[in-house]
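Undergrad: Return a 3D structure for these sequence lines:
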Amino acid sequence: MPEPENPPAPLKGMKVVDLSKILAGPYVTMSLADLGADVIKVEHPDGGDPTRSWGPPFNGPDATYYLAANRNKRSVTLDLKSAGGQEAVHRMLADADVLVENFRPGSSLAGLFDPEELSARYPRLVVLHISAFGDTGPLRDEPGYDMVAQASAGLMSLTGEPDGPPVKAGYAMGDLGAALFGLVGVNAALVERERTGRGQYVTTSLYESQLALHINWATGYFATGERPGRLGSGHPSLVPYQAYPASDGHFVVAVGNDALFARLVTALGHPEWADDPRFAANRDRVTHRTALNAKLESVLVDEPVAHWIALLKPLGVPVAAIRTLDEVYDCPQTAALDMVQKVDHPDVGPLQQVAFPVTFRGARPPVRSAPPTLGRDSRDILAELGYAEKEIDALLGTADHRPHPQGA
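TA: Residues are numbered from 1 along each chain as shown. Have a look, this model is predicted:
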């Protein structure tokens, strides 16, 4: 698909300093970069962002995990615990719009870049801090990874088969939930700054974000006081609304009202189920989900997935095959949306990336540059900050610390 003449870049002109690592913070800054901001990723000279080594799989010098969350950025290597590294960051912040960090509360770096001091020194700066458990409370100082958030905030208690062990979600929902709420917070603070002229200190956490995403699970618990359990692919409030076995695999049926249920069971050759008092209304089907699912499974298991899709979809019954990722990325719908784009990487060549999932007047923000190799832009960025060549050599530790022609 050809690029638009003026690709959307609603945050063009914004400068973002990224002191974060792993996934939540880098996903925020990648999204800001996708939207046109100039994002400077500050990394430690010794290995950089830890996700660079989170593999296999690798693609070129870096793990694919790192490549997933760092496109459209520039990379500079600095030791933030050194006086020179701190001075360089403060030069960046002098005209920056946003700072993103995920320093552990109580750590030396959290003290060196205290948000209250930063707000006083740079009154227009929007600071986003992402933590594991939030800025207050008994777990404030606890470290946390996505798995810890999924466990401690309840997601794993809701995920998995009823008679099986708890499992984590397939995506990193702790990190990604915090990233999305952090992105909302940053953009809201930038809008507020247009009115007031002042920046903001924005915080979110993996824990808070997971609670916010409980949605109906939370309100159901508040209403009943009953601890919800795992339902596999089932829905707590709708039946049938889950994956069912066919003769050659599984597919999903999503019945959202009684009329759809009647249409479904008539197509299956059992219109009498719609008149059964146990199943006639959704509230009854939820109560008797085990009995109904046994009946549905006894019929559906006799034919392949394609048969049921062909039978039910024309009747307006929501059904879908359960696609694997290779099928998703080979799907014409994915191609039509231009959701997979290619960008040149100095060591890999053409690198595929899943693009930003929002369009502006029908145009999608383009993937402009590959995730940077470690320190690729160090000299250029430091020169922009006013450092002389010898000062740059000293900051980078050696006069020979220069990216090779391919950018590594």
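
Undergrad: Grab the nearest non-local neighbour of the residue of the chain most remote from its centre.
TA: Ranked by distance from the centre of the chain (CA atoms, centre = their mean), the top residue is E272, with 44.8 Å. The shortest distance from E272 to any non-neighbouring residue, by CB to CB, 6 or more residues apart in numbering, is to V265 (8.0 Å). Every C-beta, even on glycine, is put in place using the N, C-alpha and C of the backbone.

Undergrad: How many neighbouring residues does S157 have?
TA: As a burial measure, S157 scores 15 neighbours (other CB atoms under 10 Å).

Undergrad: same thing with the one 4 residues further on?
TA: Here the number of neighbours of E161 (other CB under 10 Å) works out to 13.

Undergrad: what's the average pLDDT for the one helix or strand S298 maps to?
TA: Assigned by DSSP states H and E, S298 belongs to helix 289-300. For helix 289-300, the mean pLDDT works out to 98.

Undergrad: tell me which residues in the next helix or strand after that helix are buried?
TA: Using DSSP H and E, the helix or strand that follows helix 289-300 in sequence is helix 305-312. Buried residues in helix 305-312, counting neighbours by 16 or more other CB atoms under 10 Å, are found at 305, 308-309, 312.

Undergrad: relative to helix 289-300, how tilted is helix 305-312?
TA: Between the axes of helix 305-312 and helix 289-300, defined by axes from the mean of the first three to the mean of the last three CA atoms, to 10 degrees, the angle is 100 degrees.

Undergrad: Pull the distance from helix 305-312 to the chain's centre.
TA: 33 Å (CA atoms, centre = their mean, to the nearest Å).

Undergrad: Quick one: residues in contact with that helix.
TA: If you take CB atoms under 8 Å, 6 or more residues apart in numbering as the criterion, helix 305-312 is touched by 246, 248-251, 253, 264, 267, 300, 319-321.

Undergrad: Take those residues and write them to CSV, including secondary structure and neighbour count.
TA: Converted to CSV, the contacts of helix 305-312 look like this (DSSP: H, G, I helix; E, B strand; the rest coil; neighbours: other CB atoms under 10 Å):
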residue, secondary structure, neighbour count
A246, strand, 20
D248, coil, 12
G249, strand, 12
H250, strand, 14
F251, strand, 21
V253, strand, 21
L264, helix, 23
A267, helix, 15
L300, helix, 21
V319, strand, 20
A320, strand, 13
A321, strand, 15
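
Undergrad: Tell me the one of these nearest H235?
TA: V253 (10.8 Å; CB to CB).

Undergrad: The closest one is in contact with V317, isn't it?
TA: Yes: between V253 and V317 there is a contact under CB atoms under 8 Å: 6.9 Å.
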